[in-house]
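Undergrad: quick one: sequence and predicted model below, then my questions.
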Amino acid sequence: MTEYVTSADGTRIAYQAAGEGPVVVIVDGAMCHRGFGPSAGIAGQLADGHRVFSYDRRGRGESGAGGAGVVEREIEDLAAVVAAAGGSATVLGLSSGGALALRAAGAGIGVERVAVYEPPFSTSDEQRARFADYRAGVTQDVAAGDRGAAIARFMTFVGTPEPMLDGLRNSPVWPLFESVAPTLVNDAEVLDGAVGAAVPTEMLAALTVPVLVLDGGLSPDLLRDAARATATAAAGSAYRTLEGQTHEVAPEVLAPVLAEFVAKG
């Protein structure tokens, strides 16, 4: 059942909770929300033994869009969900949601521990330059009201082949993509896209909560390199590879690993 909490700037954030036990809050990555993406499957796997909160990040699903100050507002949204969950939680961040989860872990909002799956930071000058170009382009697309161009730019950036992209443009899912296109700017800012989504080493080194960094054994090297660099930079972190997994991790594989992390206290 959908419930709502009001963020600090007045934006209404939609969430739902399932199960009983230690609290886990799931933070989705780019374009994803409760109705589209992995969080529902992960929540279903974790709900046996955990109180799992999944929510629609602002501008997605049933949540309001809000205004400027993207990174701060997104942290406030997560803080509101953690408060609704009782004031403390383990936070699981997926892809770019991992960057948000890590930022929130250092913001004093009740994050007891944080697990991230393949936060897509850049680990080379070439990657940083490419991300900065992407961030500038997608910001321009959204400002011009060209949602289709923003989605196409994102899809191209993450390696979607042109024939597949053409097929998606003509599929029923394309309007769903366009509905959340403005939030691509949010994800670029959460990753600090102005400097190319560099690994935030100083912020990670200052974290005082346990950190678990995960990647998939079949994921591209650039994502695995980013995961290793994140784990190296984060104070008190653990790093683990889920063999046989890609960036689209299977909930039944991820959930037991997260449950083990939560159980360590």
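TA: Ah, there it is.

Undergrad: all helices for the protein, in order.
TA: Listed in chain order, the helices of the chain (DSSP state H) span 39-46, 70-84, 96-105, 125-143, 147-157, 162-169, 174-179, 183-190, 201-205, 221-233, 251-263.

Undergrad: and these: which comes nearest Val27?
TA: helix 96-105 (3.7 Å; C-beta to C-beta). Using the backbone N, CA and C atoms, a C-beta is placed for each residue, glycine as well.

Undergrad: so what does the closest one touch, helix or strand wise?
TA: If you count contacts as 3 or more C-beta pairs under 8 Å, 6 or more residues apart in numbering; DSSP states H and E, helix 96-105 packs onto strand 23-27, helix 70-84, strand 89-94, strand 111-117, helix 183-190, helix 201-205.

Undergrad: can you list contacts of the second one?
TA: It refers to helix 70-84. 3, 5-9, 11, 13, 15, 25, 27, 53, 55, 57-58, 63, 66-67, 88-89, 91, 100-101, 103-104, 107, 109-111, 185-186, 189-190 (C-beta atoms under 8 Å, 6 or more residues apart in numbering).

Undergrad: what subset of those residues is buried?
TA: 5, 7, 11, 13, 15, 25, 27, 53, 55, 57-58, 63, 66, 89, 91, 100-101, 103-104, 109-111, 185-186, 189-190 (16 or more other C-beta atoms under 10 Å).

Undergrad: let me have the helices of the chain in JSON lines, extended by distance to Ala115.
TA: Converted to JSON lines, the helices of the chain look like this (distance: least, C-beta to C-beta, whole Å):
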{"stretch": "helix 39-46", "distance to Ala115": "11"}
{"stretch": "helix 70-84", "distance to Ala115": "14"}
{"stretch": "helix 96-105", "distance to Ala115": "8"}
{"stretch": "helix 125-143", "distance to Ala115": "23"}
{"stretch": "helix 147-157", "distance to Ala115": "25"}
{"stretch": "helix 162-169", "distance to Ala115": "30"}
{"stretch": "helix 174-179", "distance to Ala115": "27"}
{"stretch": "helix 183-190", "distance to Ala115": "17"}
{"stretch": "helix 201-205", "distance to Ala115": "14"}
{"stretch": "helix 221-233", "distance to Ala115": "11"}
{"stretch": "helix 251-263", "distance to Ala115": "6"}
